[in-house]
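Colleague: I would like the atomic coordinates for the input below:
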Amino acid sequence: MEITKKPLPILSVCGMKDRIDTSPDFQRPAVWGKSQKQLLIDSILRGYDIPKFYLRKTSSKPDKFDVVDGQQRLRTIFEYHNEDFALAKDADPVESEQIKGMHYGDLPLDLRMQLDNYPLDVVILSETDEDGVREMFLRLQNGTTLKAQEKRNAMRGKMRNFVRELAGSPFFHNCGFKNTRFNFDLVAAQMIAIELNGGPCHVRNTNLSKMYESERDFDSNSAKAKKLLRVLEFLTKAFPAKTPELERYSVVSLYALVSHCLEGYVMQHRHRDLHDWFISFETERRKEDDLDEDAREPELLAYKERTSHSTDAQDSIQWRHDFLLRKFFEAVPDIRIKDDQRMFTHEQRMAIYRRDGGRCQLKIKCKGAKCTWDKWHADHRTPWSKGGKTTVENGLLACPTCNATKGNKH
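Modeller: You can find the predicted model right below:
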């Protein structure tokens with residue numbers, strides 16, 4: 001890596017604007033507010049020192065550059081020079097000259113020249129590869145207010161590249177949250193963590209950063225990678241338009257639900273069923289928010305609690321996963337197990353037990369006895385031996401005595 005340091009006047013740097021990429025893919029998006037921008041220009045007008053700028057030279061003839069450090073400051077300088085914003089309305093005079101509310105073109109000539117000639121300390125990096133510039137970026141940002149996902153975006157490795165690929169899925173653009181400071185990448189990384197774990201797990205920032213490190217050589221053609229793409233494709237078909245109900249925590253839970261169902265159930269052509277169930281569920285859940293706490297359904301109250309606190313913890317994700325699976329199977333009871341297995345799955349049993357209120361539906365030896373969770377059978381309404389499907393719709397709760405009596409007759 002070659003390093004060249006040189007002072008460049010602001011006017012010269014603005015003249016290079018079209019050859020400077022302020023948004024290479026390792027950079028975070030623009031996050032400065034207007035007051036931060038006004039303060040920077042005010043500081044320059046007063047001759048205060050500002051930090052160095054680091055540019056990576058990417059080509060010659062003509063010279064082109066990526067911003068490694070100083071993106072927010074450089075954007076601000078370009079924007080002020082382009083008359084995109086004015087100085088603060090309460091700004092103090094500079095050298096007895098008023099600058100309140102002034103755009104670049106409004107500045108007194110001497111102050112405008114002073115701004116144009118202000119020397120920016122520029123460090124130019126050349127003869128450096130992608131890994132080298134990412135390492136430099138992370139070192140320069142150490143101790144700053146970069147969010148964890150912004151730092152991960154600058155990390156080296158194939159995992160980072162695969163996260164970026166997933167984050168580009170059309171599905172994310174239909175969600176109810178924006179891609180502020182790489183939110184899409186954050187949720188994509190959480191999906192990957194769940195898939196690699198085989199189900200709900202901790203998806204906190206510390207866990208994700210470790211995943212980026214341990215999976216630097218992640219194979220984007222692996223079975224896990226292909227599964228991730230299949231699930232995202234399913235979600236994209238299920239939610240083809242903007243869906244404000246798709247919040248960060250619900251997207252993670254929906255991913256876990258679809259990933260689970262694609263493994264064991266016949267989900268072909270079930271995209272609309274998932275969409276309609278989710279919208280209905282969210283509509284009913286949000287109605288609960290208008291009720292007094294004592295009047296709310298306990299499970300929906302518990303769900304809200306787990307979407308408000310520690311949402312990235314394994315136990316919270318696992319609880320939501322189990323709850324939503326059961327709700328989905330209650331709402332769409334005719335989903336079949338792959339290969340027509342005879343035994344009901346855990347989530348099907350849960351849906352049957354809740355739907356039937358824990359009471360025997362056979363009523364051969366009882367009148368609808370109440371059954372505890374560990375003492376009941378999931379039975380087929382139409383016997384499996386006679387073509388009955390292993391679905392929630394064709395299942396019923398039977399007490400052991402009635403089920404044994406029925407078994408003796410069939």
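
Colleague: pull the helix or strand with minimum mean pLDDT from the protein.
Modeller: Every helix and strand of the chain was ranked by mean pLDDT, DSSP states H and E. The lowest is helix 130-141, at a mean of 60.

Colleague: would you list every one of the strands in the stretch 1-150 of the chain?
Modeller: 2-9, 20-21, 53-59, 64-69, 119-126 (DSSP state E, counting those that start in this stretch).

Colleague: quick one: which of these is nearest residue 302?
Modeller: strand 64-69 (45.7 Å; Cβ to Cβ). For every residue, glycine as well, the C-beta is placed using N, CA and C.

Colleague: quick one, what contacts the residue positioned nearest the centre of the chain?
Modeller: For the chain, residue 187 is the residue whose C-alpha lies nearest the centre (Cα atoms, centre = their mean; 2.2 Å). By Cβ atoms under 8 Å, 6 or more residues apart in numbering, the contact set of residue 187 is 167, 172, 248, 251, 252.

Colleague: Pick out the most distant pair among those residues.
Modeller: Among those, 167 and 252 lie farthest apart (Cβ to Cβ), at 13.8 Å.

Colleague: What average pLDDT does the helix or strand containing the residue nearest to the centre of the chain get?
Modeller: Per DSSP states H and E, residue 187 falls inside helix 183-197. The pLDDT scores in helix 183-197 average 96.

Colleague: What's the first helix or strand after it?
Modeller: helix 205-214.

Colleague: Show me which positions of that following helix end up buried.
Modeller: 207, 208, 209, 211, 212 (16 or more other Cβ atoms under 10 Å).

Colleague: isn't the last one right next to residue 157, touching?
Modeller: Read it as residue 212. Yes - checked against Cβ atoms under 8 Å, the pair residue 212 and residue 157 is within contact range at 6.4 Å.

Colleague: could you dump the strands of the stretch 1-150 of the chain to a markdown table with mean pLDDT?
Modeller: Output for the strands of the stretch 1-150 of the chain, formatted as a markdown table (pLDDT from 0 to 100):
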| stretch | mean pLDDT |
| --- | --- |
| strand 2-9 | 88 |
| strand 20-21 | 90 |
| strand 53-59 | 87 |
| strand 64-69 | 86 |
| strand 119-126 | 88 |
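
Colleague: Format the ones you listed as a markdown table; extra columns: mean neighbour count and distance to residue 202.
Modeller: Below are the strands of the stretch 1-150 of the chain laid out as a markdown table (neighbours: other Cβ atoms under 10 Å; distance: least, Cβ to Cβ, whole Å):
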| stretch | mean neighbour count | distance to residue 202 |
| --- | --- | --- |
| strand 2-9 | 12 | 40 |
| strand 20-21 | 18 | 36 |
| strand 53-59 | 19 | 35 |
| strand 64-69 | 21 | 32 |
| strand 119-126 | 17 | 37 |
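
Colleague: how about these, which one is nearest residue 110?
Modeller: strand 2-9 (15.4 Å).

Colleague: now the angle from the closest one to strand 53-59?
Modeller: With axes from the mean of the first three to the mean of the last three Cα atoms, to 10 degrees applied, the angle from strand 2-9 to strand 53-59 works out at 120 degrees.

Colleague: Mind listing the strands strand 2-9 pairs with, and their directions?
Modeller: In the sheet, strand 2-9 lines up against strand 119-126 (antiparallel) (DSSP bridges).
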